Each structure stands twice: as structure tokens, then as C-alpha cells.
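Engineer: How does the following fold in three dimensions:
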Amino acid sequence: MARRPLAAVAGVLDRAGVIDRRRFGETFDLAWPRVITGLAIMSKSTVDLAMVGWDVGTAAVAGLAFANAYWQVGKFLGIGLAGGTVTLVSQAYGAERYERASATVAVSLVVAAAIATPIALVYAVFAPDLVGLLGSDPEPLGHAATYLAIVAPGLAFEFPNLIASRTYAGVGDTVTPMTIRAGGAALNIVLSAVLIFGYGLGVAGAALGTTLATGGVALVFGWGLTGRTYAGRGRCPVSVSRATLRFGGVAVLTRRLLVVSAPLMARRTAEMLVAFPLVAIAATFGPAIVAAYEVARRVRTLMDSFSWGFSIAASTLVGQRLGAGDEADAEAYGRAIIRLSATVYVVAATAAFALSRRIAGLFVSDPAVVAVATGFVAAAAVSVVFLGVDGSATGTLRGAGDTRYPFVTSLVGRYGCALPVAALGLVTPLGSTALLGAFVVETAVPAGLNVARVRSNRWKAIGRAHVAAGD
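Structural biologist: Numbers count the residues shown, from 1 in each chain. Predicted coordinates:
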């Protein structure tokens, strides 16, 4: 029965010229588990923020904004590395070079550990000093330091989780990581609720719940990546084994992984680093603005869960088609998924915009703060349309290994446009209102530039070169 409404939707989209039935079916099969995964992962942090807001208050919400800026830099560095992994795994798997794909997974895990461990140590040891760079109000900074120090070890677990999730996606299995991630998100929410409300740990409880749940997910993923199954299902066809360790091209794979991943890592890090000056600017207007800004960012991140599916579907399908030598079909998939993403996000953003005041009220209870947060949530709803389109365009480029261009567009949007717009609030009567404009331009500019890149077809030549390098 569930297939009937889906078939009806596919028919409407086909007739509207958004995406044909065949491509919609393949895209949907890959995307929906990743969308659920994104909703699960992002909802846990969003629910954590809401619970902390209910239990502790506005100052704690502002504190989580400071700590989250550091956490996101580390996490998105891992997402960039995992983006390189899915590119190489999907191309090798599409070319039926399974040993190379398996070796890529092993190399990715080693590189992930080498990057994540020192970052986690720095966060844990220097948390008070780090968050102190972003503001001067002692109450929010105290909450921020507590959260960052306790959640820091979770990064050492999150990096391999990202690699594992993208590995399964690269071979066309998005259901297994969805199940594991959703289970971890549910565990996180339960643990946080018990620790925050049951034991009265407040911000510390939220951080501890996240760390424990992330570690549990890492253990479950480790089981599958070593060739085992989950009750007879979910065996990874490119799992790591002793034979993998004897693969002769490890040095070449490591170099290729870094070449493809470095621009993605730089792009993701650049996207998150801009949060520091933006949060610092918000802090000049007081904890209420910081809290409103963080609520809007979390809402936008939650809505961006659709892009988890569309982006990974674009990367996987484009990468596999390029690996099989079918550039025309790769292009058709990329453009169709971008159109599908735009359609979905316009609908979702319209609903969020209309409900912006009610959404803001879920996180804070002070009427004055709710009024401020409403405007920020509305701006987030507008900006998420561009964020979703950008995710699909970037996924298409990533599937071809064209990762440098999205990095440059990210810098232009965040630093060349969003940051100057936000800074206007410090020197003009715009004040905190300038942050609303920054919300929109930071996503609109990269989206426009990356869509133009997809239309230029230059990415296909880059994909051709990457496929040839793997022969």
C-alpha cells in the first residue's frame, strides 16, 4: 500500500519535469534512509538544546551555541573526509574493484583516527580557554566549557561513524546506517533526558548522553565493517579484513583519499569556522540574541536532513555512472536530483516560515526571547532552500571528484558575503537584524555558484580523470 502514494508522487514529479520515474525510484531508495538518519542525528542535538532550555534557561542555550561551534568544526572535518571516502568507494565499487574499495575504507579509518584524536584532546583540556574567546558573559561561558569538555571524546567516535556510514552509502546500502544511527539517536535522547531531568545534571547530562550514545554507535558500526552481519543482514561487501591489509596500493590510495578529501575537509571546516565570528558578533548583543541565533541554526540543520539523502544519492549515483563510463546518465541524475531537492525544500521551508513563532517557543519560554527567535527561525527557513539545493549540487560534483570548486564557493559565501553582512550590525543601526541577512546570503551564494558549475559540465572531465586514475 505504501507504494501507491509513492507512485503517485513519482508520477506528479515526472509530469512536472522535475525527475523521471526511474531516476526518482533509485534516488528515493538511496535517499530516504539517509533522510531518516539525518533527522535522527540532528533531532537528538535539537532535542538536547530544547531540554537544556527548559531545564536551565536562556544562558544554557547560549552556552551550547559557543560549545557547538567547536564541536561542529571537528565533526564537519570528519564529514569532509567521509565525502572523499564515498567518492572513491562508489567509483571502485561501480567498476567492480572490490579490494580497492575495501582498502579505501581501511585507509579512511586510520586517517580519521589520526585527525580526531588530537582534536578531542585539545577540546577536553582547553575547553574554558577556547569558549572564552567567543564571549565575556560568565554564565553562558561556564555552561559552554562544561559541555565541550565532556562531549569532546565523542569526536573520536564520530569520525569512524561518519566513515562507516558513507562506506555503506557508497555501495548503495543506506538502510543499515540509517538503522544504526537512528538507534543511536534514540539512545542519546533517552540518556540525555534521564541525566538532565532524572539526575539533575543539566548541560553536563546532555554532553554525557551524546558521548555515550556516539560511542555505542561506533561499536555497532565496527561489527559490520569487519565483515559481520546484524542478525543475518547488513553485511558490508567492502568490509575490512586481513586480506585488506595486504593490499599493495595503500600509499597510492592514501594520497588519492587526501587529494579528494582535502578540499571537502577544508570546505566543511571553512563553513563551520565562520560560526565563530558570527557567534561572537551575536554575543555583542547579549545572551538572548546568541540563544535565538543558535535556535535558528539548529532548526535549519534539522530541516537540512533532506539534503543528507539527496546529496549522498547524487554522489553515489553520479559516481557509479561515471565509474561505469556513462557520463550522460551521470549528468541526468545530477540535474534531476537538484530539481527534486529544490521542490522539496520550497515546500518544507514554506511550512517552517509559517510556523516560525511556534517553533521558536519550543526552545525558550521567555516571551521576549521567543519574539527575537521567531525572526531568526523565519530567516533560517528561507536560507534552507538554498542550503538544500547546494547540497545536491555539491553531491553531484563530489561524485565526480570535483571537490575544489565547492570549497571556493563556500569561502565566497561565508566569508566574502555572510560575515561582512553580519558585521554591518556592529557599525550601523541594523544591529542584530544584520544577522538575519547573513543567514540567507551564506547559503544563497554557494548554491548559485555550484549549480552553475553543474550546468557547465566541467565536472565530467574531472570525473573522467579520476576514473582513469583508478584503472
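Engineer: Count residues in the vicinity of the residue lying closest to residue 362 once chain neighbours are set aside, would you?
Structural biologist: Setting aside the residues directly before and after it, residue 362 is nearest to residue 50 in space (C-beta to C-beta, 6 or more residues apart in numbering), at 5.8 Å. All C-beta atoms are positioned from the backbone trio N, CA, C, and that covers glycine. Residues lying near residue 50 (other C-beta atoms under 10 Å) number 17.
Engineer: what do you get for residue 333?
Structural biologist: Residue 333 has 24 nearby residues by other C-beta under 10 Å.
Engineer: Repeat that for residue 321.
Structural biologist: Based on other C-beta under 10 Å, the number of other residues close to residue 321 is 23.
Engineer: which is the next helix or strand following the helix or strand it falls within?
Structural biologist: Using DSSP states H and E, residue 321 sits within helix 305-323. Sequence order places helix 327-354 as the next helix or strand after helix 305-323, per DSSP H and E.
Engineer: Check which residues of that next one are buried.
Structural biologist: 327, 329-345, 348-349, 352-353 (16 or more other C-beta atoms under 10 Å).
Engineer: Show me the contact partners of the following helix or strand past that helix.
Structural biologist: Going down the chain from helix 327-354, the next helix or strand is helix 356-361, by DSSP H and E. Contacting residues not belonging to helix 356-361 are listed as 292, 295, 299, 352, 370, 373, 374, 375, 376, 377, 378, 381 [C-beta atoms under 8 Å, 6 or more residues apart in numbering].
Engineer: Now with 10 Å, please.
Structural biologist: 292, 295-296, 299, 302, 351-353, 355, 367, 369-381 (C-beta atoms under 10 Å, 6 or more residues apart in numbering).
Engineer: go on, stretch 423-439?
Structural biologist: Contacts of stretch 423-439 (C-beta under 10 Å, 6+ apart): 274, 277-279, 281-282, 284-286, 288-290, 292-293, 296-297, 300, 372, 375-384, 387, 414, 417-422.
Engineer: Are any of these buried, and if so which?
Structural biologist: By 16+ other C-beta under 10 Å, those give 274, 277-279, 281-282, 285-286, 288-290, 292-293, 296-297, 300, 372, 375-384, 387, 414, 417-419, 421-422 as buried.
Engineer: What residues of the lowest-mean-pLDDT helix or strand in the chain count as buried?
Structural biologist: The weakest-scoring helix or strand in the chain, judged by mean pLDDT, DSSP states H and E, is helix 242-245 (a mean of 71). Within helix 242-245, the residues scored as buried using 16+ other C-beta under 10 Å are residue 244.
Engineer: Off-centre distance for that helix?
Structural biologist: When distances are taken as C-alpha atoms, centre = their mean, to the nearest Å, helix 242-245 is centred 31 Å away from the chain's centroid.
Engineer: how about the following helix or strand past that helix: buried residues?
Structural biologist: Next helix or strand after helix 242-245 toward the C-terminus (DSSP H and E): helix 250-273. Buried positions in helix 250-273, judged by neighbour count with 16+ other C-beta under 10 Å: 250, 253-254, 256-257, 259-273.
Engineer: now stretch 458-470
Structural biologist: Of all the residues in stretch 458-470, those buried under the rule 16+ other C-beta under 10 Å are 459, 460, 462, 463, 466, 467, 470.
Engineer: quick one, phi/psi of residue 230?
Structural biologist: The phi and psi torsions at residue 230 (degrees, to the nearest 10) take the values phi -110, psi 100.
Engineer: contacting residues around it?
Structural biologist: Contact partners of residue 230, counting by C-beta under 10 Å, 6+ apart, are 176, 179, 180, 220, 223, 224.
Engineer: ok, now residue 188?
Structural biologist: Neighbours of residue 188 in contact, by C-beta under 10 Å, 6+ apart: 40-41, 43-45, 47-48, 154, 206, 209-214, 216-217.
Engineer: Likewise for residue 286?
Structural biologist: Neighbouring residues of residue 286 by C-beta under 10 Å, 6+ apart: 58, 62, 135, 137, 140, 292, 372, 432.
Engineer: How far off centre is stretch 83-91?
Structural biologist: 16 Å.
Engineer: tell me the mean pLDDT for it?
Structural biologist: Confidence for stretch 83-91, expressed as mean pLDDT, is 87.
Engineer: And it, what's buried?
Structural biologist: 83, 84, 85, 86, 87, 88, 89, 90, 91.
Engineer: and what of stretch 215-232?
Structural biologist: 215, 216, 217, 218, 220, 221, 224, 225.
Engineer: swap in stretch 110-127?
Structural biologist: 111, 112, 115, 116, 119, 120, 123, 126, 127.
Engineer: Among the residues you listed, which are located in helices?
Structural biologist: In helices, defined here by DSSP state H, the members of these are 111, 112, 115, 116, 119, 120, 123, 126, 127.
Engineer: pLDDT and distance to residue 306 for these - can I get that in JSON lines?
Structural biologist: Listed next are these as JSON lines, based on pLDDT from 0 to 100; distance: C-beta to C-beta, whole Å:
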{"residue": "111", "pLDDT": "94", "distance to residue 306": "29"}
{"residue": "112", "pLDDT": "95", "distance to residue 306": "26"}
{"residue": "115", "pLDDT": "95", "distance to residue 306": "28"}
{"residue": "116", "pLDDT": "96", "distance to residue 306": "27"}
{"residue": "119", "pLDDT": "96", "distance to residue 306": "29"}
{"residue": "120", "pLDDT": "96", "distance to residue 306": "30"}
{"residue": "123", "pLDDT": "97", "distance to residue 306": "30"}
{"residue": "126", "pLDDT": "97", "distance to residue 306": "36"}
{"residue": "127", "pLDDT": "96", "distance to residue 306": "33"}
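Engineer: Between these, which sits nearest residue 449?
Structural biologist: Top of the list for closeness to residue 449, among those and by C-beta to C-beta, is residue 115 at 27.8 Å.
Engineer: Longest helix of this protein, counting residues only.
Structural biologist: Once the chain is assigned using DSSP H, the helix that runs over the most residues is helix 58-94.
Engineer: Measure how far that helix is from the centre of its chain, please.
Structural biologist: In terms of C-alpha atoms, centre = their mean, the centre of helix 58-94 is set 6 Å apart from its chain centre.
Engineer: That one vs helix 305-323, what angle?
Structural biologist: 20 degrees (axes from the mean of the first three to the mean of the last three C-alpha atoms, to 10 degrees).
Engineer: Going forward, count from 36.
Structural biologist: Understood, numbering begins at 36; the last thing we discussed is helix 93-129.
Engineer: Quickly find the element holding residue 74.
Structural biologist: Residue 74 belongs to helix 56-90 when assigned by DSSP H and E.
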